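Q: Fold the following.
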Amino acid sequence: MKKHFTLFFSLFVIGLASCQKGDVTSQQAAIDDAKIQAYIKANNIPAIKDPSGLYYQIVTPGDPTTKPTLLSTVQLTYTNNFLDGVNFDHVDVVSYKLGKLINSGGFMTRGMQIGLPYIGTGGRIILIVPSALGYGNTTQYTVPANSILIYTIDLIGVY
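A: Got it, this is the predicted structure:
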């Protein structure tokens, strides 16, 4: 009987912990979405919401025949700001493997990975990335935990 109780109790604790983590994640997603919507409204940005929660604005669509896929290497320039307008990163020209995320040793956030296929070579896109699709709930480099990121990206090439 004691074995059964221990097993039941362990499963209960694991289930409870999973629910709490999901609640925290969904709470942060709701907080991010409210902040992003307020930012979009205040700045009159005609952004579109992707099912992932990413917001984007295609400034220039670029060549529709050269849109990247997860197998592509992309050459691009970008600036990266926080919602308050503070710039924390600017890259003149860099190449990234689109399918290689930051947490797998690459430099591509999930938000960039989702947003870049919306444009082709020569295109420009603005991505408003909720924290879950950026650096998440941990501090990375100079980016605080749960930061919403704004990328302005020019896609130079797709290989």
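Q: CA atoms for contacts and neighbours, from now on please.
A: OK.
Q: for the protein, what spans make up the strands?
A: Assigned by DSSP state E, the strands in the chain fall at 48-49, 55-60, 73-82, 87-97, 124-129, 149-158.
Q: residues in contact with Pro46?
A: Counting by C-alpha atoms under 8 Å, 6 or more residues apart in numbering, Pro46 makes contact with 40, 57.
Q: Pick the most buried one from the strands of the chain.
A: Ranked by mean neighbour count, the strands of the chain are led by strand 124-129 with a mean of 26 (mean count of other C-alpha atoms under 10 Å).
Q: quick one: strands adjacent to it?
A: Here strand 124-129 is paired, per DSSP bridges, with strand 55-60 (antiparallel), strand 149-158 (antiparallel).
Q: residues making contact with that strand?
A: Counting by C-alpha under 8 Å, 6+ apart, 36, 53-62, 111-112, 115-116, 119, 148-155 sit against strand 124-129.
Q: Looking at the strands paired with strand 124-129, which is nearest to Phe82?
A: With C-alpha to C-alpha as the criterion, Phe82 lies closest to strand 149-158 of the strands paired with strand 124-129, at 5.2 Å.
Q: Not counting its own residues, what contacts the closest one?
A: Contacts for strand 149-158 (C-alpha under 8 Å, 6+ apart): 66-68, 72-83, 116, 119-131, 134.
Q: Hey, what's the angle from it to strand 87-97? Just curious.
A: Taking axes from the mean of the first three to the mean of the last three C-alpha atoms, to 10 degrees, strand 149-158 and strand 87-97 form an angle of 30 degrees between their directions.
Q: Using CSV, write down the CA coordinates of strand 149-158.
A: Taking C-alpha atoms only, strand 149-158 is exported to CSV below (Å, rounded to 0.1, in the frame of the first residue of the first chain):
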residue,chain,number,x,y,z
LEU,A,149,12.3,41.8,-29.2
ILE,A,150,11.9,43.9,-32.3
TYR,A,151,14.0,42.9,-35.3
THR,A,152,14.2,45.0,-38.5
ILE,A,153,15.8,42.5,-41.0
ASP,A,154,17.0,43.0,-44.6
LEU,A,155,17.3,39.7,-46.3
ILE,A,156,20.3,39.9,-48.6
GLY,A,157,20.6,36.3,-49.9
VAL,A,158,19.3,32.8,-49.6
